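In: Everything below, folded, please.
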Amino acid sequence: MKLKTNGKYIAIPSQYKEDKKLIKFLKDNNLIQDFIIDPAGYTYQDDMCKALIIESSVPEETTLFAAGEEEVIKSTLSGISDTQSLLEVKFGETKKKLPFAYSIVKIFVVAEDGKTPRGISYTLNMNIKYPKYYGYINADFSECGMTGMRESLVHLMIDGLIGKDNLKNEFYTPYKTKKKSAGIHISEREAWDSFIPKHPLSQLRKMISFIIDNN
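Out: Just a heads-up that it's a prediction; the model follows:
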């Protein structure tokens, strides 16, 4: 049986439904960059995660491939604020031997006052090199409902194993930088995804794995 997928340029899981209103909103507010060609929008929401996805084809010079892995890391680190952190940059090949590249940035979302926390979102930028075009995905997976559940669950599990007083280096930075950043919490390691599969980061990583396996 053929796997059911969505996606105009890149095959994505069928749970992400096309949303033409998203593209209209972005265009009406001049929020789509000029290099994005004929974009399609997809959305999904459950009790823990809200996902917004844009996919399109793009010129080669705008892709992560054009910069290369080291430059992607360097330029991303130089551009992040103290409410953001670079979680991952990865280059490789899909199951069908197509080159892919992606970056994930963690963002602490705050209210308009610049102080009141509103949760965490994870932003994906991803390219796949097809024979006739370069596919592009920009996605935002955000916490909704009760926030901070991932950190709380992992704390409880670690406390039961080693005791909270023995927990060191709770936050870490995957990539060296002199700039102050938000840091990555130990609960955001991929090993914890299966314990809280509906968390936005878990769902984002699951989508990335699907894309790699089905393109």
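
In: where does the chain have low pLDDT?
Out: Applying pLDDT under 70 to the chain flags the ranges 1-5, 114-117, 146, 158-168.

In: Helices of that one, start to end?
Out: With DSSP state H as the definition, the chain shows helices at residue ranges 20-28, 64-67, 69-79, 149-162, 200-214.

In: and residue 57, how many neighbours?
Out: 18 (other Cβ atoms under 10 Å). (Each C-beta comes from the backbone N, C-alpha and C, glycine too.)

In: excluding its backbone neighbours, what's nearest it?
Out: residue 133 (4.3 Å; Cβ to Cβ, 6 or more residues apart in numbering).

In: quick one: the one you found and residue 9 touch, right?
Out: Yes: with contacts defined as Cβ atoms under 8 Å, residue 133 counts as touching residue 9 at a distance of 7.1 Å.

In: So between those two, which is more surrounded?
Out: Here residue 133 and residue 9 are set side by side on neighbour count (other Cβ under 10 Å), and the busier one is residue 9, at 21 against 15.

In: What sits closest to the more buried one if chain neighbours are left out?
Out: Excluding the flanking residues, the one nearest residue 9 by Cβ to Cβ, 6+ apart is residue 135, at 4.4 Å.

In: and the gap between the residue nearest the centre of the chain and residue 40?
Out: To find the centre residue of the chain, average its C-alpha atoms and take the closest one (Cα atoms, centre = their mean): that gives residue 124, at 3.2 Å. Residue 124 sits at a distance of 16 Å from residue 40 (criterion: Cβ to Cβ, to the nearest Å).

In: so what sits against both of residue 133 and residue 9?
Out: Shared contacts of residue 133 and residue 9 (Cβ atoms under 8 Å, 6 or more residues apart in numbering): residue 57.

In: quick one: contacts for residue 148?
Out: Contacts of residue 148 by Cβ under 8 Å, 6+ apart are residue 119.

In: Contact partners for the residue nearest to residue 120 when sequence neighbours are not counted?
Out: Nearest non-adjacent residue to residue 120, counting by Cβ to Cβ, 6+ apart: residue 143, 5.4 Å away. For residue 143, the contacting residues are 48-50, 119-121, 199-200, taking Cβ under 8 Å, 6+ apart as the criterion.
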